[in-house]
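Chemist: turn this into a model:
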Amino acid sequence: MQGTSTKEIYIGQLESFQEFLKDIGKWPISFEDINWRLIKDYKTYLFNKTIKDKRPLP
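Modeler: Take a look at the predicted model:
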């Protein structure tokens with residue numbers, strides 16, 4: 001990520017979280033909606049997305 005600013009990285013992470021929320025049908029949300037279960041689900045989402053993205057093409 002050389003040459004990528006901290007702001008760009010931060011915005012990318014927020015966009016990823018927004019994509020997750022839209023995928024699970026919970027967009028938009030408020031701070032009150034963010035809880036441990038949501039964070040754990042997001043962690044699983046990121047793990048599965050990483051695995052899917054790294055699979056070799058058939």
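Chemist: how about residue 38, phi and psi?
Modeler: phi -60, psi -40 (degrees, to the nearest 10).
Chemist: show me what contacts it?
Modeler: residue 26 (CB atoms under 8 Å, 6 or more residues apart in numbering). All C-beta atoms are positioned from the backbone trio N, CA, C, and that covers glycine.
Chemist: what's the burial count for residue 41?
Modeler: Residue 41 has 15 neighbours, counted by other CB atoms under 10 Å.
Chemist: touching, it and residue 24? I think so.
Modeler: Yes: judged on CB atoms under 8 Å, residue 41 makes contact with residue 24 at a distance of 7.1 Å.
Chemist: got the buried residues for the least confident helix or strand in the chain by mean pLDDT?
Modeler: Ranked by mean pLDDT, DSSP states H and E, the weakest helix or strand in the chain is helix 36-54, scoring a mean of 87. Going by neighbour count (16 or more other CB atoms under 10 Å), the buried part of helix 36-54 is 38, 42, 45.
Chemist: and these as CSV, adding distance to residue 32?
Modeler: What follows is the buried residues of helix 36-54, written out as CSV (distance: CB to CB, whole Å):
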residue, distance to residue 32
38, 11
42, 16
45, 21
